[in-house]
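Colleague: Sharing a sequence plus its predicted fold:
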Amino acid sequence: MATGKRWQILVLPGDGIGAEIMPQALRVLEAVSSEIGTLDILTHDFGGVSIDRYGVPMTEETLQQAMRVDAVLLGAVGGPQWDDLPMEKKPEKALLNLRSALDCFANLRPALTFTALIDASTLKPEIVSELDVLIVRELTGGIYFGTPRGVELQNNRRRGFNTLEYDETEIERIARVGFDLARKRRGKVCSVDKANVLEVTQLWRDVVTEVHQSYEDVELSHMYVDNAAMQLVRWPKQFDVILTGNMFGDILSDTAAMLTGSIGMLPSASINARGQGIYEPVHGSAPDIAGKNIANPLATILSIAMMFRYSLNQPSVANRVEFAVGDVLSQGYRTADIMPPKPSETLQLVGTREIVDSVIACLKETEI
Ligand code: NAD
């Protein structure tokens with residue numbers, strides 16, 4: 001049912017499989033558009049393709065447009081032809097600049113196993129079946145941004161240094177995101193730190209505990225990061241929301257990703273205080289498979305589902321898209337990356353376009 005609302009979405013397909021998958025994924029957006037109001041979709045060059053056309057990985061016009069829209073949907077950037085450019089001019093720089101200009105401080109990465117893909121994980125089925133963990137990572141602070149930083153010569157020896165810092169405002173706002181999301185899920189937050197060694201993470205623990213006073217319906221636990229890494233592979237189902245800083249989140253979210261099987265299945269969202277978000281698959285531009293109609297588009301489609309949930313406030317549409325993806329997998333359709341080495345007869349190898357056809361067919365069957 002249409003909501004009568006008008007949404008603006010900036011689409012940045014990017015490079016390699018990003019540019020290949022995006023037109024297909026947009027067909028899914030189109031298929032549900034009648035349920036969510038009017039969608040204004042603007043498409044801009046971004047990453048390597050923008051370097052080739054305009055000499056910069058992101059133009060000022062694209063940045064200004066990104067500030068105005070409700071959500072940004074991103075493919076992937078990069079490729080060998082731009083690898084030798086200086087750091088400031090690389091395609092990936094556009095990504096970092098966009099996240100920081102929009103102040104997208106909260107990165108959400110779900111680790112969700114689809115029953116039909118249970119064998120794609122390297123862990124035993126009983127460990128990962130029906131897994132649904134959400135990692136909430138602080139994205140714009142911590143050691144990746146702290147100063148002073150650098151490499152200097154001291155007493156004729158090179159010395160490298162970085163600064164891990166968080167102030168209480170940064171911790172408080174990400175903690176609120178974690179608690180708010182837990183309320184809509186199973187009501188549990190595990191805050192991950194290294195408070196036994198690092199003072200800044202003792203502050204993290206203190207502030208998270210203070211914020212928790214406004215969320216007494218949510219269960220809060222604390223865990224040291226080394227234990228969290230171990231628990232994630234030992235018994236990941238103990239977690240609902242994992243709340244953590246930038247570097248610990250970077251590492252733990254890749255560990256959690258592997259629990260679910262393929263990188264071609266992993267969506268992500270980076271949101272700011274205004275509810276604006278950048279939605280993108282976790283994978284890169286995969287130049288090794290680009291242009292062959294074999295890339296898995298499901299991570300991008302699941303990123304669209306996250307966009308419905310977190311920026312467009314349409315959880316039922318998000319659920320429907322996620323359900324359609326699960327259904328297509330249950331029907332046995334597989335792109336090459338999620339096809340087991342010795343497939344059963346019930347599985348069918350399909351291309352990028354064809355698996356999207358199946359998702360759309362599924363959405364049409366469940367049309368409201
Ligand atoms: P990658 O994620 O592009 O590829 C890693 C491996 O996974 C490759 O073998 C690739 O074929 C496979 N793969 C990735 N996505 C897939 C999909 N949807 N379906 C099937 N297989 C898939 O990582 P990489 O090879 O390290 O990097 C390639 C380029 O992408 C580099 O230029 C890198 O800087 C860039 N990159 C961009 C982003 C981003 O835009 N967010 C993220 C990571 C890497």
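Modeller: Nice, thanks for sending it over. Just so it is clear, the model here is predicted, and its values are computed rather than measured.
Colleague: Quick one: residues contacting the residue in the stretch 1-150 of the chain that the ligand sits nearest to.
Modeller: In the stretch 1-150 of the chain, no residue comes nearer to the ligand than residue 78, which is 2.5 Å away by CB to the nearest ligand atom. For the C-beta atoms, the positions are set from N, CA and C on the backbone; glycine is no exception. Counting by CB atoms under 8 Å, 6 or more residues apart in numbering, residue 78 makes contact with 14, 15, 16, 47, 48, 90, 91, 92, 284, 285, 287.
Colleague: Residue 219 now?
Modeller: With CB under 8 Å, 6+ apart, residue 219 has these contacts: 187, 188, 189.
Colleague: Please check these and keep the buried ones.
Modeller: Neighbour counting by 16 or more other CB atoms under 10 Å classes residue 189 among these as buried.
Colleague: just the contacts of residue 219 now: which is nearest the ligand?
Modeller: In terms of CB to the nearest ligand atom, no member of these lies closer to the ligand than residue 189, at 26.6 Å.
Colleague: Write out the residues of the stretch 151-300 of the chain neighbouring the ligand.
Modeller: Contact residues, the stretch 151-300 of the chain versus the ligand (CB under 6 Å from any ligand atom): 263-264, 280, 283-289, 295-296, 299.
Colleague: please redo it, this time with the cut-off set to 8 Å
Modeller: 262-264, 280-289, 294-300 (CB under 8 Å from any ligand atom).
Colleague: Who's the closest spatial neighbour of residue 16, skipping the chain neighbours?
Modeller: Closest residue in space to residue 16, ignoring its immediate chain neighbours: residue 285 at 2.9 Å, by CB to CB, 6 or more residues apart in numbering.
Colleague: so how many other residues sit close to that neighbour?
Modeller: Residues within reach of residue 285, counting by other CB atoms under 10 Å, total 25.
Colleague: Surely it touches residue 14?
Modeller: Yes: at 6.5 Å, residue 285 counts as touching residue 14 under the criterion of CB atoms under 8 Å.
Colleague: returning to what we had before: give me the subset of the residues of the stretch 151-300 of the chain next to the ligand that lies in strands.
Modeller: Per DSSP state E, strands hold the following members of these: 280, 281.
Colleague: Run through the chain and note the low-pLDDT ranges.
Modeller: For the chain, residues meeting the criterion pLDDT under 70 lie at 1-4, 368.
Colleague: Tell me which stretches of the chain form helices.
Modeller: Along the chain, the segments classed as helices by DSSP state H run 17-36, 48-54, 60-68, 91-101, 125-128, 168-183, 199-212, 225-234, 246-259, 298-310, 315-330, 352-365.
Colleague: which of those helices is buried the deepest?
Modeller: Mean neighbour count (mean count of other CB atoms under 10 Å) peaks for helix 298-310 among those, with a mean of 25.
Colleague: so what does it touch, helix or strand wise?
Modeller: The helices and strands touching helix 298-310, judged by 3 or more CB pairs under 8 Å, 6 or more residues apart in numbering; DSSP states H and E, are helix 17-36, strand 71-76, strand 106-112, strand 267-271, strand 277-281, helix 315-330, helix 352-365.
Colleague: Can you name the residues in contact with the last one?
Modeller: By CB under 8 Å, 6+ apart, the surrounding residues in contact with helix 352-365 are 20-21, 24-25, 27-28, 31-32, 293-298, 301, 320-321, 323-325, 327-328, 331, 333-335, 350.
Colleague: Compute the number of surrounding residues for residue 134.
Modeller: For residue 134, using other CB under 10 Å, the count is 23.
Colleague: Would you mind confirming that it makes contact with residue 180?
Modeller: No: the pair residue 134 / residue 180 is not scored as a contact, 11.6 Å apart, by CB under 8 Å.
Colleague: what's the single longest strand in the chain?
Modeller: Max-length strand for the chain by DSSP E is strand 6-14.
Colleague: Can you list the strands that that strand pairs with?
Modeller: Looking at strand 6-14 with DSSP bridges, its partner strands are strand 38-43 (parallel), strand 71-76 (parallel).
Colleague: could you check the angle helix 91-101 makes with the last one?
Modeller: In this case it means strand 71-76. 160 degrees (axes from the mean of the first three to the mean of the last three CA atoms, to 10 degrees).
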